[in-house]
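# okay, predicted coordinates and the sequence, questions at the end:
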Amino acid sequence: MLEAQNICFRYRAKSPVLDSVDLAVHPGEIIGLTGPSGAGKSTLGRILAGHYQPASGRILVDGIFHPPGFNPVQYLHQSPVFAVDPRWTIGRIISEAWQPDETLRQAFGVSPAWFDRYPHEISGGELQRVALLRAFAPQTRYLIADEISAQLDPLTQAQIWSVLLKQAESRRLGVLVISHDMPLLRRVAQRIVTI
Amino acid sequence: MVELEQRHSLEPLVLPRMGNRIWTLAAALSGIVLILLIPVASALMGQAGIAPDFAARLLPPDWAHWFGTDQMGHDLLARTIKGLRTSLLVGLLASCCSVLIATVLALVATAGGRWADALVSLLVDATIGLPHLVLLILICFALGGGPVAVTVAVALTHWPRLTRILRAEVLQIRQADYVVSARHFGKSWVAITFTHILPQILPQMLVGLVLMFPHAILHEASLTFLGFGLDPTRPAIGVMLSDSMRYLTAGKWWLGLFPGLCLLLLVLSFDAVGNGVRLILNPRTSQT
């Protein structure tokens, strides 16, 4: 279980962004997180993924603190362009996390023809699929999907969500879906939390 | 309709990217050839330009002496090439060392925590705060002059500006999402430095090297001019330029013009090579 216990976070000394927030994501559970802009959705997502240290409170991943090494809580960015090194080829980008097998690569619709291309040489939807495949390493147990489909056209959105949901279910991953898009959340999430 | 026609007539003016790329690479290639020509020509010339010939003092350029002769009767073309070879060696060695120092300090400042950052900032401020030439003279004097002393002095004084630039650059890259991702894939900072950070700052290092090179040569020249640098009897661009000052008012224009132009050409060659390498290293421009 991925647990946020009594999380407080502030960017500046005054106004805290998050104040005593509790949240739990069970394995195999898909939770939607929504709320107005600036409410701290992404901040909470990044704290859960261990990118930020909360001012107080703690994050427990299956009962322990974030372990060093490969992080079992992987964070997926809204724009994958920033999440990949612009000077690396797609093949190298994926293998930085792990070596996916053929079936999973095909399930995500990642073509081997992209492997010797650079990120700017494939489209945004293709790059988001690459980022998804990269995050689906065997050690991954939770995913934080922060507006991952907001920049994509409806068809690509549908493809990405169907493959993500199917893979998450078969691997029993816990997924936190952060989005403004209520219809999307109602469709994919089992439970919706408003911050 | 009028708009379309206007656009059409403007089209030939816009250079296609392909042409730009070929030009840059051609310039880089000719730069490499010119730079390589210096040591080759200097080796082929043997002793020419070293021995004085007092029968041929201060001759203006003609077919026997393309660049003219100086006050000792040395052939200026031979002396310029030999001088450029010395400058090339000193300048290149000193700038490479400087870039290396700047890179290491930038990495230490960004990776070593607040104290390391404060220490590096202090070093940078202290070195920039001192007048450049004073520090150069001090180091050169302490080491007893000569090519090695000049190289060390130039290498130890030219890193602060680049250190600042690289430090800012590395700080930015360390915050980049792909570096954060790499951290959460379990990569160590050492691995990230070599696979993400260094390749990313390589263009800045190259530009720094290219920009530092003329500085290094000119400071070598000024050290020699002031008498703390190279042996004035040996050919060096700095010695030749300082000699030419004395004869400039007497109308001996060729003493300074040709060595100066050759130095400029060498610096431009370096710039062209730097641009070409940058073009090839960036995946966005290397293919198209």
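Sure thing, it's come through. Residues are numbered from 1 along each chain as shown, chains lettered A, B, ... in the order given.
# what's downstream of the lengthiest helix in chain A, the next helix or strand?
Longest helix in chain A, counting residues (DSSP state H): helix A:154-171. Next in sequence after helix A:154-171, counting helices and strands by DSSP states H and E, comes strand A:174-178.
# for A:Ala113, what are phi and psi?
phi -70, psi -20 (degrees, to the nearest 10).
# just the pLDDT at the residue positioned nearest the centre of chain B, thanks.
Taking C-alpha atoms, centre = their mean, the centroid of chain B lies closest to B:Phe213, which sits 1.6 Å from it. What the model reports for B:Phe213 is a pLDDT of 83.
# my read is it is in a helix, agree?
Yes - counting by DSSP: H, G, I helix; E, B strand; the rest coil, B:Phe213 is found in a helix.
# would you map the helices across the chain?
I'll assume chain A. Counting by DSSP H, the helices of chain A are A:41-48, A:80-83, A:90-97, A:102-107, A:124-135, A:154-171, A:182-188.
# wrong chain, I was asking about chain B
B:2-10, B:17-45, B:76-111, B:113-129, B:132-142, B:146-157, B:160-175, B:177-184, B:189-192, B:198-225, B:237-248, B:254-281, B:283-286.
# circling back: by contact count, what packs against the longest helix of chain A?
Packing partners of helix A:154-171 (3 or more C-beta pairs under 8 Å, 6 or more residues apart in numbering or on different chains; DSSP states H and E): helix A:102-107, helix A:124-135, strand A:142-146, helix A:182-188. Quick note: C-beta positions are derived from backbone N, CA and C, even for glycine.
# what's it in contact with?
A:28, A:30, A:104, A:107-109, A:125, A:128-129, A:132, A:136, A:143, A:145, A:148-149, A:152, A:173, A:175, A:184, A:187-188 (C-beta atoms under 8 Å, 6 or more residues apart in numbering or on different chains).
# give me the buried positions along it.
A:Thr156, A:Gln157, A:Gln159, A:Ile160, A:Trp161, A:Val163, A:Leu164, A:Leu165, A:Gln167, A:Ala168 (16 or more other C-beta atoms under 10 Å in any protein chain shown).
# related to what we said a few turns ago, reformat the helices of chain A as CSV; add distance to B:Val148 and mean pLDDT.
Output for the helices of chain A, formatted as CSV (distance: least, C-beta to C-beta, whole Å; pLDDT from 0 to 100):
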stretch, distance to B:Val148, mean pLDDT
helix A:41-48, 53, 90
helix A:80-83, 47, 90
helix A:90-97, 42, 92
helix A:102-107, 57, 89
helix A:124-135, 51, 90
helix A:154-171, 62, 90
helix A:182-188, 69, 91
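# quick revisit: just say which of the helices and strands packed on helix A:154-171 is most tucked in.
Mean neighbours per residue, mean count of other C-beta atoms under 10 Å in any protein chain shown, is largest over those for strand A:142-146, with a mean of 25.
# in its sheet, what does it sit against?
Applying DSSP bridges to the sheet, strand A:142-146 is found paired with strand A:73-76 (parallel), strand A:174-178 (parallel).
# and stretch B:203-222, is it in reach of chain A?
No - counting by C-beta under 8 Å from any C-beta of the partner chain, chain A is not contacted by stretch B:203-222; separation bottoms out at 10.0 Å.
# distance of B:Asp125 from B:Val277?
For B:Asp125, the distance to B:Val277 equals 31 Å [C-beta to C-beta, to the nearest Å].
# no more questions from me, cheers.
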